[in-house]
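1. Compute the structure for the input listed below.
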Amino acid sequence: MAAGIGPKRLVVGAHYGLRDWLAQRVTAVLMAVYAIALGVYAVFLLPSGYEAWAGLFVPLWMKVATLVLILALVYHVWVGMREIFMDYVKPTWIRLLAYVLTLLWLAACAVWSVQILWSV
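-> Numbering: from 1, shown residues only. Modelled structure (predicted):
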């Protein structure tokens, strides 16, 4: 048997792929459903002006749906960026710095988005 193949092979890495692949697909579907629903609203109800758009986000169910979208988007971006960093950024300290900066940026964007959403 070839070295590194079979039940005693050395498996390295932080993740094994299936969970990340599934997370990307599930979050993409959530974002697509939200975008389609928002597109249908825009096409058929023809909102004109700030008041009509702001009124859409007043009901609690729409705030919750948008919050789910924000969380799905943040997780989707994190998984994608983490995979890019793991594949292409070889020096460990640069990769860790990229992780930290990305997490801080995503957290700030999420907090800002929720703040805007709940101010409507």
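
2. Low-confidence ranges, the chain, go.
-> Confidence mapping of the chain against pLDDT under 70 gives the ranges 1-16.

3. which residues in the protein form helices?
-> Along the chain, counting by DSSP state H, helices occupy 18-45, 50-56, 60-88, 92-119.

4. Give me the packing partners of the shortest one, helices and strands only.
-> Other elements packing on helix 50-56 under the criterion 3 or more CB pairs under 8 Å, 6 or more residues apart in numbering; DSSP states H and E are absent; no helix or strand qualifies. No exception for glycine: its C-beta is placed from N, CA and C like everyone else's.

5. Ok, the last one next?
-> The elements that helix 92-119 packs onto, with contact taken as 3+ CB pairs under 8 Å, 6+ apart, are helix 60-88.

6. Just the buried residues of the helix it packs on, please?
-> Along helix 60-88, these residues count as buried under the neighbour rule (16 or more other CB atoms under 10 Å): 62, 65-66, 69-70, 72-76, 78-79, 81-82, 85.

7. helices or strands up against that helix?
-> With contacts taken as 3+ CB pairs under 8 Å, 6+ apart, helix 60-88 sits against helix 18-45, helix 92-119.

8. List the buried residues for the last one?
-> Looking back up the chat, that one is helix 92-119. Buried residues in helix 92-119, counted by 16+ other CB under 10 Å: 98-99, 102, 106, 110, 113, 117.

9. just stretch 27-37 next, same as before
-> Neighbour-count burial for stretch 27-37 flags 27, 30, 34 (criterion: 16+ other CB under 10 Å).

10. Format those residues as JSON lines; extra columns: distance to A54.
-> Shown next, in JSON lines, are those (distance: CB to CB, whole Å):
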{"residue": "T27", "distance to A54": "26"}
{"residue": "L30", "distance to A54": "23"}
{"residue": "Y34", "distance to A54": "18"}
